[in-house]
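A.B. asks: Show me the folded form of this:
(2 chains)
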Protein chains: 2
Amino acid sequence: MTKPAVELTIVGSIGIDTIETPSEKREEILGGSVSYACAAASFFTHTGMVGVVGSDFPQEFRDTWSTMSIDLEGLQTVEGKTFRWGGVYHKNMDNRDTLFTDLGVFESFTPELPAAYRNAPYLFLGNIHPALQLHVLEQVHNPKFVLIDTMDLWINIAKDDLEKVISKCTMLTLNESEAELFTGEHTLTQAAAKLLELGPEYVLIKKGANGSMLFTKDDIFLLHAYPLDSFKDPTGAGDTFAGGLMGALCASGKTDKEAIREAMVYGSITASFGVEEFSLERLTQLDRDEIEIRVAEFKEMCRI
Amino acid sequence: MTKPAVELTIVGSIGIDTIETPSEKREEILGGSVSYACAAASFFTHTGMVGVVGSDFPQEFRDTWSTMSIDLEGLQTVEGKTFRWGGVYHKNMDNRDTLFTDLGVFESFTPELPAAYRNAPYLFLGNIHPALQLHVLEQVHNPKFVLIDTMDLWINIAKDDLEKVISKCTMLTLNESEAELFTGEHTLTQAAAKLLELGPEYVLIKKGANGSMLFTKDDIFLLHAYPLDSFKDPTGAGDTFAGGLMGALCASGKTDKEAIREAMVYGSITASFGVEEFSLERLTQLDRDEIEIRVAEFKEMCRI
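C.D. replies: Numbers count the residues shown, from 1 in each chain, chains lettered A, B, ... in the order given. Here you go, the predicted model:
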């Protein structure tokens, strides 16, 4: 049997997380930006994962990915410990504190793309050091659409590298506070205008349970988050959103604004499932029909 | 010339405000829930104002209302001082502290509706003591649609009265934190479910710059706020939203879900103009065409 072609490549972190919420504590669960993003994207397209794990990485986590449409040729296994992260959520889960970060093999990670990934037309540069994001970008041939994510750390300590790689991407995504930190602007429209000047055609600002906003030089698209009765763990929601978006966009074969609006809906709905359980527990039990049912329900909620 | 009929009655507070934002301080400006709400509603329908001012109330504030389609027969002028409120907004204007509250003549206010208002089919009970809201409700004859607003104070000290009057209204509106305070629920869907059990057909939760959510027992409508480059003063935004909503709904002559969705758009857009300046300064300079242009732009932003 021929392996399906990888049309979407995603690079990012792989972690073993310890997460405490007001009601529950879970230790040593599968996490990391590329894990969440690939899982989300895999509902829509066969997705190539680029990341690194240590020799301690549990086989069951590998098996979790293998049950999904995720290609693991880009996954490096290196002697040493897998990246570990611990965090505790505040009451209402709107903020969290990091308890510990052990980089392990992630510290010396250099992402290398398998030959089969280099012609993939869609690329998602998940949150890693911008110099590594640039290194990935240099390995791909004429991608049609490149999404880049980042975090406050890189805005603070590697802004020049970050601006350089952003200028080569189609879309930048970050959350509200990162947009403010990056630009010094207090309103999102003004922050987005400054970020668009760096070169990307689109700026996507994530607002968690308050939805997201897509900016171009000419217009704005406003998207809600699906209202949940309850959720267990918001970790990775942004990565799940972005992964689902890129998966759906890749599946459409398009890159125009209408296709992006539609893909954002799919990303948002996939993320709404993801947060219902810890780690990938809900996503591994999810099927495409459930996504379609909730997408239809959500569109009716947003219809004016 | 015959006076136009009052189809919408609004009751609430009238205040003289002193407001400090991070960039500006303004003293003794026109404020109060019924002032903002009537100004917003007046773009869509002739609106009857029910409120009280003291003998110190400036003629220029009366003139401000007179230039709009606001009927002042329900305005009481009583010997004494007008209600005064002072507040200071935090950085980013997402929160504020009250500096002083001088109730003045508002303390002994008993709203009495002129005969001409008692058959108005639309009624907005702005934020006053729930016992007074009930008193107003007892004066009207078979209203088609009654919206009620409230605040944390009444939830804390007059919850029984509040629940009683809410049970007789069509729609309850409150903000996120009030919904949580009222119900003890941390997610808005769960809070809304409890509030619907009190009797109203609709619960409208306001989320400021993050939009609003309309709940019924069967469905949810999600509405964004119009993204502004900048704004000067968020005071009264919720009242302006609710007033615009009720004005537009009254003008439609309808009370069904589709009409309410459309009316919420008009309310939200009217509020987006209101916050561009202090007090009613922007609303008195606004015309209906500007509202229509922004409504069309906003709908395109929300289109999936």
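A.B. asks: Can you name the residues of the stretch 1-150 of chain A sitting close to chain B?
C.D. replies: Contact residues (C-beta under 8 Å from any C-beta of the partner chain) of the stretch 1-150 of chain A with chain B: residue A:92. The way it works is simple: take the backbone N, C-alpha and C, and place the C-beta from them, glycine included.
A.B. asks: can you map out the strands along the stretch 1-150 of chain A?
C.D. replies: A:8-11, A:15-20, A:25-31, A:47-54, A:70-71, A:75-78, A:84-89, A:96-102, A:122-125, A:145-149 (DSSP state E, counting those that start in this stretch).
A.B. asks: Pick the most deeply packed of those.
C.D. replies: Among the strands of the stretch 1-150 of chain A, strand A:8-11 has the highest mean neighbour count (mean count of other C-beta atoms under 10 Å in any protein chain shown), at a mean of 31.
A.B. asks: ok, back up a step: okay, the strands of the stretch 1-150 of chain A in JSON lines with mean pLDDT next?
C.D. replies: Listed next are the strands of the stretch 1-150 of chain A as JSON lines, based on pLDDT from 0 to 100:
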{"stretch": "strand A:8-11", "mean pLDDT": "98"}
{"stretch": "strand A:15-20", "mean pLDDT": "97"}
{"stretch": "strand A:25-31", "mean pLDDT": "98"}
{"stretch": "strand A:47-54", "mean pLDDT": "98"}
{"stretch": "strand A:70-71", "mean pLDDT": "98"}
{"stretch": "strand A:75-78", "mean pLDDT": "98"}
{"stretch": "strand A:84-89", "mean pLDDT": "96"}
{"stretch": "strand A:96-102", "mean pLDDT": "95"}
{"stretch": "strand A:122-125", "mean pLDDT": "98"}
{"stretch": "strand A:145-149", "mean pLDDT": "98"}
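A.B. asks: May I see these organised as a markdown table, with distance to residue B:147 added?
C.D. replies: Output for these, formatted as a markdown table (distance: least, C-beta to C-beta, whole Å):
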| stretch | distance to residue B:147 |
| --- | --- |
| strand A:8-11 | 47 |
| strand A:15-20 | 42 |
| strand A:25-31 | 44 |
| strand A:47-54 | 48 |
| strand A:70-71 | 50 |
| strand A:75-78 | 56 |
| strand A:84-89 | 36 |
| strand A:96-102 | 37 |
| strand A:122-125 | 45 |
| strand A:145-149 | 42 |
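A.B. asks: give the contact list for residue A:266.
C.D. replies: Applying C-beta atoms under 8 Å, 6 or more residues apart in numbering or on different chains to residue A:266 gives the contacts A:44, A:244, A:245, A:247, A:248, A:291, A:295.
A.B. asks: Keep only those of these that are in helices.
C.D. replies: A:244, A:245, A:247, A:248, A:291, A:295 (DSSP state H).
A.B. asks: ok, so of the contacts of residue A:266, who is nearest residue A:279?
C.D. replies: Nearest to residue A:279 out of those is residue A:244 (C-beta to C-beta; 16.3 Å).
A.B. asks: neighbours around residue A:14, how many?
C.D. replies: Using other C-beta atoms under 10 Å in any protein chain shown, residue A:14 has 28 other residues around it.
A.B. asks: Give the closest residue to the residue most central in space within chain A in space, chain neighbours not counted.
C.D. replies: For chain A, the residue nearest the mean C-alpha position is residue A:239 (2.4 Å; C-alpha atoms, centre = their mean). In this structure, residue A:239 finds its nearest non-sequential neighbour in residue A:36, 3.9 Å apart by C-beta to C-beta, 6 or more residues apart in numbering or on different chains.
A.B. asks: OK, contacts around the residue in the stretch 1-150 of chain A that chain B sits nearest to?
C.D. replies: Among the residues of the stretch 1-150 of chain A, residue A:92 lies closest to chain B, at 5.7 Å counting by C-beta to the nearest C-beta. By C-beta under 8 Å, 6+ apart, the residues touching residue A:92 are residue B:186.
A.B. asks: Check it and give its pLDDT.
C.D. replies: At residue A:92, the predicted lDDT confidence score is 77.
A.B. asks: about what we covered before: which one of the ones in helices among the contacts of residue A:266 is nearest chain B?
C.D. replies: Using C-beta to the nearest C-beta, residue A:295 comes nearest to chain B of those, at 9.5 Å.
A.B. asks: Do me a favour and average the pLDDT over the lengthiest helix in chain A.
C.D. replies: In chain A, with assignment by DSSP H, the single longest helix is helix A:257-274. Mean pLDDT, computed over helix A:257-274, is 98.
A.B. asks: would you put the C-alpha positions of it in CSV?
C.D. replies: Output of helix A:257-274 as CSV, limited to C-alpha atoms (Å, rounded to 0.1, in the frame of the first residue of the first chain):
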residue,chain,number,x,y,z
LYS,A,257,-10.8,34.6,2.0
GLU,A,258,-14.0,32.6,1.8
ALA,A,259,-12.1,29.3,2.2
ILE,A,260,-10.3,30.8,5.2
ARG,A,261,-13.5,31.9,6.9
GLU,A,262,-14.9,28.4,6.4
ALA,A,263,-11.7,26.8,7.6
MET,A,264,-11.7,29.0,10.7
VAL,A,265,-15.2,27.6,11.6
TYR,A,266,-13.9,24.0,11.4
GLY,A,267,-10.8,24.9,13.4
SER,A,268,-12.9,26.6,16.1
ILE,A,269,-15.4,23.7,16.3
THR,A,270,-12.6,21.1,16.5
ALA,A,271,-11.0,23.1,19.4
SER,A,272,-14.4,23.2,21.1
PHE,A,273,-14.3,19.4,21.2
GLY,A,274,-10.7,19.2,22.2
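A.B. asks: Right, I'll leave it there.
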